[in-house]
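Asker: Return a 3D structure for these sequence lines:
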Amino acid sequence: MILVSACLAGMNVRYNGSNSLDERIQNLLLENQAMTVCPELLGGFMTPREPAEIVGGDGEDVLDGKARVVEKSGKDVTKQYINGAYATLKKAQELRANTIILKVNSPSCGSSIIYNGEFKGEQILGMGVTTALLRRNGFQVISESNLDEHTMGF
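Answerer: Residues are numbered from 1 along each chain as shown. Here you go, the predicted structure:
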């Protein structure tokens with residue numbers, strides 16, 4: 001089973017109430033090859049919500065207690081991001097997911113690029129909290145920008 005970010009499936013769960021529909025992802029759902037997940041909603045957030053970024057590192061650093069996730073207003077929401085990551089891990093384990101496709105740039109889901117924590121739209125190399133936890137537990141995590149038929153095993 002493939003686990004995918006709900007926003008990529010067209011669900012309006014992003015921080016601003018929008019989605020990031022990727023028709024390839026939507027087709028996987030229609031073919032019953034994928035299930036959706038939104039780590040932020042699993043962590044207790046609502047939609048819409050204030051944008052958040054990782055300050056002081058990336059998802060690995062958040063899990064290690066060296067960085068935190070903060071909303072644009074400065075509110076620390078690290079706990080909710082960690083809770084969402086663990087809930088996503090549990091779902092991936094239950095589904096025995098062989099591939100996980102998560103939204104690029106997200107402080108939860110980013111698999112190689114995230115925002116730098118200054119809320120200026122600048123990106124850095126790094127991964128989100130959920131991706132870091134999933135990878136620590138042996139899961140393959142890619143973004144929609146890495147998606148191709150070879151990666152998907154078709």
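Asker: Please make it C-alpha for all contacts and neighbour counts, starting now.
Answerer: Fine.
Asker: what residues does stretch 13-30 touch?
Answerer: Stretch 13-30 has contacts (CA atoms under 8 Å, 6 or more residues apart in numbering) with 4, 6-12, 34-35, 38, 41, 47-51, 144.
Asker: Ok, stretch 34-42 next?
Answerer: For stretch 34-42, using CA under 8 Å, 6+ apart, the contacting residues are 1-7, 9, 13, 28-29, 47, 80-81, 83-85, 87-88, 108-109, 130.
Asker: try it again with 6 Å
Answerer: 1-6, 28, 84-85, 88 (CA atoms under 6 Å, 6 or more residues apart in numbering).
Asker: Among the residues you listed, which lie within helices?
Answerer: Residues of the contacts of stretch 34-42 located in helices (DSSP state H): 28, 84-85, 88.
Asker: what's around the closest residue to residue 130 other than its chain neighbours, how many residues?
Answerer: Nearest in space to residue 130, with sequence neighbours left out and distances taken as CA to CA, 6 or more residues apart in numbering, is residue 85 at 4.2 Å. Residue 85 has 28 neighbours, counted by other CA atoms under 10 Å.
Asker: Determine which residue lies closest to the centroid of this protein.
Answerer: What sits nearest the mean C-alpha location of the chain, by CA atoms, centre = their mean, is residue 109, with 1.8 Å.
Asker: give the contact list for that residue.
Answerer: 102-103, 128, 130-131.
Asker: same deal with residue 62?
Answerer: Applying CA under 6 Å, 6+ apart to residue 62 gives the contacts residue 68.
Asker: And what about it, helix, strand or coil?
Answerer: Here residue 62 is helix, with the state taken from DSSP: H, G, I helix; E, B strand; the rest coil.
Asker: For it, give its distance to residue 119.
Answerer: Distance, residue 62 to residue 119, using CA to CA, to the nearest Å: 18 Å.
Asker: Residue 131 too?
Answerer: Going from residue 131 to residue 119 by CA to CA gives 21 Å.
Asker: more neighbours, these two?
Answerer: residue 131 (32 against 15).
Asker: Whichever strand or helix holds that one: how far from the chain's middle?
Answerer: Per DSSP states H and E: residue 131 is located in helix 129-136. Relative to the centre of its chain, helix 129-136 is centred 9 Å away, using CA atoms, centre = their mean, to the nearest Å.
Asker: Good, we can wrap up now.
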